[in-house]
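*Asks:* Kindly return the folded structure for what I paste below:
(one chain, ligands or ions: 1)
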Amino acid sequence: MANTLGIIKPDGVRRKLAGKIISKIEDSGLVVRGIKILRLSKGQAEKFYAVHEGKPFYSTLVEFMTSGPIIVMVLGGHGSIEKWRELMGATDPAKAKYNTIRREYGTSIEKNVVHGSDGPETAKTEVAFFFREDEILPKE
Ligand code: CMP
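*Replies:* The predicted structure is shown next:
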């Protein structure tokens with residue numbers, strides 16, 4: 001029953017897709033245990049995506065992720081990490097399955113509307129990046 005991190009990226013917030021995305025999350029059975037809207041500084045975005053440092057898309061990714069507010073969420077419920085990844089779809093919207101968020105709303109491999117942790121260890125560190133323990137609703 002691990003929690004995972006979800007982000008609605010600047011393109012999703014800018015395009016007013018947050019309500020639709022949160023509805024999909026709740027309809028899927030995932031539980032929103034924490035939520036904040038904030039704008040990343042350059043340093044924070046560089047740190048959050050440090051694993052991609054040196055890749056050709058790193059600097060534009062940091063620029064994009066700091067271009068406007070994002071919504072960060074702690075998502076819980078049974079199989080939350082996998083469930084959220086399935087709901088998002090593949091990184092590249094063109095390759096994502098139908099009825100996934102990225103397929104429906106993503107406009108490029110970079111502007112792919114949402115982010116999700118890719119495994120249990122990443123989920124732990126990514127949730128802790130944005131949320132203190134006392135900001136997360138306990139599991140029921
Ligand atoms: P995300 O799941 O947030 O993880 C890293 C992000 O980098 C990814 O979504 C995309 O927004 C971006 N990204 C990954 N691969 C590429 C790529 N080949 N070109 C541009 N951006 C990418």
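*Asks:* Now do the contacts for the nearest residue to Val127 once chain neighbours are set aside.
*Replies:* Among residues not flanking Val127 along the chain, Leu5 sits closest, at 4.9 Å (CB to CB, 6 or more residues apart in numbering). Quick note: C-beta positions are derived from backbone N, CA and C, even for glycine. Counting by CB atoms under 8 Å, 6 or more residues apart in numbering, Leu5 touches 72-75, 115-117, 123, 126-127, 129-130.
*Asks:* swap in Ala18?
*Replies:* 8, 12, 71.
*Asks:* Over to Val72?
*Replies:* Contacts of Val72 (CB under 8 Å, 6+ apart): 5-7, 34-38, 130-131.
*Asks:* Any of those buried? List them.
*Replies:* By neighbour count, with 16 or more other CB atoms under 10 Å, the contacts of Val72 hold 5-7, 34-35, 130-131 as buried.
*Asks:* For the nearest residue to Thr60 once chain neighbours are set aside, give me its contacts.
*Replies:* Residue nearest to Thr60 in three dimensions, not counting chain neighbours: Glu110, with 6.4 Å by CB to CB, 6+ apart. For Glu110, the contact set (CB under 8 Å, 6+ apart) comprises 57, 60-61, 64.
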